[in-house]
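[1] let me see the structure of the following:
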Amino acid sequence: MTNLQNKNSPLNEQELQEMVAASDTGARIPHGWQGKVLLLAALCWSLFQLWIASPLPFYDWPLIGSFGIFNDTEVRAIHLGFAVFLAFTAYPALSSSPRHHIPLNDIVLSFAAAFSATYIFIFYEELASRPGLPNTQDLVVAIAGLLLLLEATRRTLGPPLMIVAIVFLTYSIAGPYMPEIIAHKGVTLKELVNHQWLTTEGVFGIALGVSSNFVFLFVLFGALLDKAGAGNYFIQVAFSLLGHMRGGPAKAAVVSSGLTGLISGSSIANVVTTGTFTIPMMKRVGFSSEKAGAVEVASSVNGQIMPPVMGAAAFLMVEYVGISYVEVITHAFLPALISYIALVYIVHLEALKMDMQGLPRRGAIKPWHLRLMGILGGFIVTAGIAALVYYGIGWIKPTFGEMAGFIIAALLAATYLYLIRFASKVPDLKLDDPNAPMLELPEVAPTVKSGLHFLLPVVVLVWCLMIERLSPGLSAFWATVLMIFILVTQRPLISFYRGQSGLAHQLRRGFNELVDGLIVGARNMIGIGIATATAGIIVGAVSQTGVGSVLADLVEILSMGNLLLMLMLTAVLSLILGMGLPTTANYIVVSSLLAPVVVSLGQESGLIVPLIAVHLFVFYFGIMADVTPPVGLASFAAAAVSGGDPIRTGFVAFAYSLRTAALPFLFIFNTDLLLIDVGWIGGIQVFIISTVAILIFTAATQGFFITRNRWYETVLMLLVAFSLFRPGFWMDRVVPPHQTIEPAQLVEMASQMEEGTELRLWIDGEDDVGNHRSFLTLLPLGEGSNGEDRLFSSGIELVTNNGKTIIDMVGYDSPAEKAGLAFDQLITSVEIPQSQPAKEFMYFPALALLALIVFMQRRRRSTPQLSAASAN
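    Prediction:
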């Protein structure tokens with residue numbers, strides 16, 4: 001990155017592509033047979049992943065039966081084998097290493113690494129026959145595999161993740177020699193390598209399983225979608241719709257980067273792909289180089305928090321949190337959406353500050369009421385089509401039984417042919433030159449029509465995930481199959497509909513683009529595959545040494561038991577780790593180390609924090625590291641495009657991303673933002689209020705609302721935003737939500753409460769390792785005719801001894817056991833719900849205060865002298 005720091009002019013296209021290649025796909029592009037071998041390996045990896053994701057291996061083929069079926073462990077081994085082979089062939093060892101041929105030592109290392117990674121696949125039966133008893137060959141291969149994986153990590157991702165992994169390996173062995181607070185009994189070298197390499201507790205653990213089963217297919221789907229031209233389509237549609245507004249190019253950059261982020265797991269690739277077009281256009285309408293780069297950075301990085309992919313974290317959360325994929329993206333959707341809305345508003349405020357104008361459109365501009373009617377008509381037509389598809393398929397499936405799949409496929413094919421014919425009637429999209437002297441925006445209708453068929457695979461993906469409830473891997477497979485069909489056939493069909501010749505040439509072009517997409521998809525996965533495997537070392541060390549409980553004690557000491565301070569420490573640690581680790585690895589490491597700590601200390605502080613909220617918390621701060629100086633790789637990439645100063649770009653991007661940093665703290669304390677236990681009506685209300693709140697917060701942090709803010713207006717606006725986000729904070733101080741009773745009264749009060757009422761129990765007892773622990777837990781009250789029966793159906797029996805209420809029995813797999821209750825724990829206090837006015841009443845004083853701020857600013861803006869004085 002030193003070259004970027006010292007460079008004050010934009011990089012050319014070749015330099016930008018080399019930068020993306022160096023960080024995402026490998027900087028080495030060898031010539032001759034070596035290049036063909038490298039491309040063939042990447043192609044085989046994509047084909048292997050498509051095979052194992054498909055239903056094909058499980059069919060009973062004529063004459064040969066089923067074949068090519070692998071279990072999860074075997075798939076992980078082969079997946080890592082491809083990743084490390086490509087890491088040593090595609091990524092040079094040093095900056096001075098050759099770029100156009102693969103040295104002999106790298107060839108040897110690539111085969112050695114691939115053999116070590118696939119060792120548990122090749123010798124699967126032998127290893128299964130002697131679990132935990134590795135022989136000399138096993139140990140040699142495991143040690144070599146760990147060392148080669150660390151070197152592959154250094155090449156693909158830089159030194160930070162490698163250093164973190166080495167620290168944890170060292171900690172595992174040197175436990176007895178550590179300071180007392182973090183010491184443990186230690187493990188032998190034999191135990192270490194067996195745990196890390198020959199079991200599924202370390203390198204071949206859950207993270208690598210998620211990479212092989214889910215992530216690859218989504219990355220491949222994104223690569224094929226982009227190769228088909230969808231990336232350019234999203235950019236052009238965004239510009240045609242938004243480019244005419246104040247600061248329109250910047251607003252279009254936010255939307256197009258968000259859409260591209262849905263199919264791209266890389267912040268840097270997103271910045272460069274969309275930024276080469278959007279950044280010069282933002283500069284043209286008045287944005288400085290740093291601000292143009294910062295808008296692109298903020299919008300590109302936020303693509304990783306937007307479902308359905310979320311930079312691969314969504315699939316990891318499914319495994320770590322233990323909830324379905326649909327639940328994960330449901331919880332993650334609202335914060336991501338309002339964060340993007342706020343970023344569009346930031347751009348609008350910047351445009352107001354500098355009195356920017358939009359770009360001219362081609363053709364006549366329709367009156368506003370006609371444009372509004374067109375938008376409403378589009379929404380109505382879209383809703384009608386969605387309802388028709390939903391209920392139509394719902395009718396087809398039971399009516400036609402086994403034939404329903406063929407009928408639905410035929411209807412999908414007919415829709416595709418119609419949309420292709422639709423696209424053939426308008427000119428192909430071309431990227432305008434953003435540095436051209438004159439620039440007009442494309443017309444909306446032809447631009448939108450030119451690529452509607454790109455939405456079909458996305459619709460199939462969402463349908464399979466949300467309606468059919470297929471696994472993420474199988475959903476991505478069917479979407480990818482449709483994408484492959486589109487990639488091969490779209491150009492010949494468009495030529496056919498236009499009456500053009502050369503159909504065979506267009507078909508060959510489609511096949512070539514398909515092969516290129518398969519290769520690019522695999523090369524995009526090298527870093528993710530290596531990152532998840534290396535992060536498995538940290539996860540394995542945590543499970544082998546028990547460092548998690550040690551870290552809980554350490555964090556509790558540093559935070560002095562204060563939950564808010566502990567969350568700040570967690571955020572800072574996530575940022576520090578994220579400065580050197582890719583998003584996926586950072587999430588795995590921090591969630592493994594700190595997520596249980598936050599939940600545990602939250603209980604001890606009297607706050608029940610849902611596990612999904614904690615995982616999203618650490619994930620949000622992990623992606624913030626791509627923005628934050630001094631590392632901020634995405635900021636360096638944007639500065640390379642804009643020609644601005646990378647450090648200043650990073651600081652401006654961080655200021656634009658403050659709302660992303662504030663949201664995690666808010667949804668920890670108000671889980672309504674994650675739509676937890678919120679119905680449809682409540683969800684709509686939460687969306688409206690939280691959108692208003694995030695816009696007010698944005699205006700406060702940007703220092704501009706209707707006019708420039710005075711300092712006290714900024715303070716009041718922050719107060720309003722907080723009150724809208726957390727109305728319960730104020731209501732709880734007016735009327736406490738719970739009444740505290742003595743534990744001895746619990747049985748009596750339980751007989752008076754309704755079934756399902758949640759009791760808040762303060763417990764004294766011991767944790768899993770025998771340390772004293774005091775914590776809060778929730779226990780839903782069961783059914784029964786009296787208090788004892790209701791508590792018994794919840795899973796507990798109580799006994800009173802010397803005036804103390806003690807848990808005498810906990811039922812197996814009962815609500816009480818799931819709440820963390822155990823035999824012989826002491827109940828020190830009980831809190832029962834009491835009636836409280838709806839917290840939404842607190843919206844009224846907050847909105848009244850907002851109205852006062854609006855009145856003051858509108859009055860000041862209408863008086864030029866006052867407005868000028870406030871600006872000074």
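[2] show me how far the longest helix along the chain is from its chain's centre.
    Assignment by DSSP state H gives helix 503-545 as the longest helix of the chain. Distance, stretch centre to chain centre, for helix 503-545: 17 Å (CA atoms, centre = their mean, to the nearest Å).
[3] next structured bit after that helix?
    Elements were assigned by DSSP states H and E; along the chain past helix 503-545, the next helix or strand is helix 547-559.
[4] quick one, that next one and helix 503-545 angle?
    Relative orientation of helix 547-559 versus helix 503-545 (axes from the mean of the first three to the mean of the last three CA atoms, to 10 degrees): 80 degrees.
[5] just the residues contacting helix 547-559, thanks.
    171, 181-182, 184, 541-542, 565-566, 569-570, 592-594, 596-597, 600-601, 604, 767-769, 771 (CB atoms under 8 Å, 6 or more residues apart in numbering). (C-beta placed from N, C-alpha, C; glycine too.)
[6] hmm, back to that, show the average pLDDT along the longest helix of the chain.
    Mean pLDDT, computed over helix 503-545, is 88.
[7] what's the answer for stretch 605-616, then?
    The average of the pLDDT scores along stretch 605-616 is 85.
[8] then stretch 821-830?
    Along stretch 821-830, the predicted local confidence has a mean pLDDT of 87.
[9] and it, C-alpha only, in PDB?
    Output for stretch 821-830, consisting of C-alpha atoms alone and laid out as PDB, is shown next (Å, rounded to 0.1, in the frame of the first residue of the first chain):
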ATOM      1  CA  LEU A 821     -30.600 -23.600  35.700                       C
ATOM      2  CA  ALA A 822     -29.000 -26.500  37.500                       C
ATOM      3  CA  PHE A 823     -29.300 -28.500  40.800                       C
ATOM      4  CA  ASP A 824     -28.300 -26.700  44.000                       C
ATOM      5  CA  GLN A 825     -28.300 -23.200  42.600                       C
ATOM      6  CA  LEU A 826     -29.600 -20.400  44.900                       C
ATOM      7  CA  ILE A 827     -32.300 -18.100  43.700                       C
ATOM      8  CA  THR A 828     -31.400 -14.700  45.200                       C
ATOM      9  CA  SER A 829     -34.100 -12.500  43.700                       C
ATOM     10  CA  VAL A 830     -37.100 -12.800  41.400                       C
END
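[10] and it, how far out from the chain's middle?
    Relative to the mean C-alpha coordinate of its chain, stretch 821-830 is positioned 38 Å out (CA atoms, centre = their mean).
[11] where does pLDDT dip in the stretch 301-450 of the chain?
    Confidence mapping of the stretch 301-450 of the chain against pLDDT under 70 gives the ranges 309, 311-312, 358-372, 374-375, 378-379, 431-440.
[12] can you give me the strands in it?
    Remark: no strands are assigned in the stretch 301-450 of the chain by DSSP state E, counting those that start in this stretch.
[13] how about the helices in it?
    Using DSSP state H, counting those that start in this stretch, the helices of the stretch 301-450 of the chain run over 313-321, 325-353, 368-400, 404-424, 444-449.
[14] and the shortest one, what does it pack against?
    Contacts defined by 3 or more CB pairs under 8 Å, 6 or more residues apart in numbering; DSSP states H and E place helix 444-449 against helix 230-242.
[15] same deal with the third one?
    With contacts defined as 3+ CB pairs under 8 Å, 6+ apart, helix 368-400 has these neighbours: helix 404-424.
[16] residues making contact with the helix it packs on?
    Contact partners of helix 404-424, identified using CB under 8 Å, 6+ apart, comprise 393, 396-397, 400, 449-453, 456, 460, 482, 485-486, 490, 493-494, 497-498.
[17] which residues touch the closest residue to E350 other than its chain neighbours?
    Closest residue to E350 apart from its sequence neighbours, by CB to CB, 6 or more residues apart in numbering: G247 at 6.1 Å. G247 is in contact with 282, 285, 287, 347-348, 350-351, 356, 358, counting by CB under 8 Å, 6+ apart.
[18] which of the contacts of helix 404-424 are buried?
    Buried subset of the contacts of helix 404-424 (neighbour count, 16 or more other CB atoms under 10 Å): 393, 396, 450-453, 456, 460, 482, 485-486, 490, 493-494.
[19] let's see which of these end up in helices.
    Using DSSP H, 393, 396, 456, 460, 482, 485-486, 490, 493-494 are the members of these that sit in helices.
[20] now these as JSON lines including distance to E754?
    Shown next, in JSON lines, are those (distance: CB to CB, whole Å):
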{"residue": "I393", "distance to E754": "41"}
{"residue": "I396", "distance to E754": "44"}
{"residue": "L456", "distance to E754": "49"}
{"residue": "V460", "distance to E754": "45"}
{"residue": "L482", "distance to E754": "50"}
{"residue": "F485", "distance to E754": "56"}
{"residue": "I486", "distance to E754": "55"}
{"residue": "Q490", "distance to E754": "60"}
{"residue": "L493", "distance to E754": "63"}
{"residue": "I494", "distance to E754": "64"}
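[21] from those residues, pick the one nearest A822.
    The shortest approach to A822 among those belongs to V460, at 47.6 Å (CB to CB).
[22] report the secondary structure state of the residue lying closest to that closest one once chain neighbours are set aside.
    Using CB to CB, 6+ apart and skipping the chain neighbours, the partner closest in space to V460 is A479 (4.8 Å). When states are read from DSSP: H, G, I helix; E, B strand; the rest coil, the local structure at A479 comes out as helix.
[23] residues near A479, how many?
    Summarising burial for A479: neighbours were counted as other CB atoms under 10 Å, giving 25.
[24] for I807, same thing?
    I807 has 21 neighbours, counted by other CB under 10 Å.
[25] equivalent analysis for D732, please.
    One way to gauge burial is a neighbour count; for D732, by other CB under 10 Å, it gives 14.
[26] cool, and Y124?
    The local packing of Y124 (other CB under 10 Å) involves 16 other residues.
[27] for G35, give me the pLDDT.
    Per-residue confidence at G35 stands at 83 (pLDDT).
[28] ok, now how distant is it from F168?
    Look at G35 and F168: by CB to CB, to the nearest Å, they are 37 Å apart.
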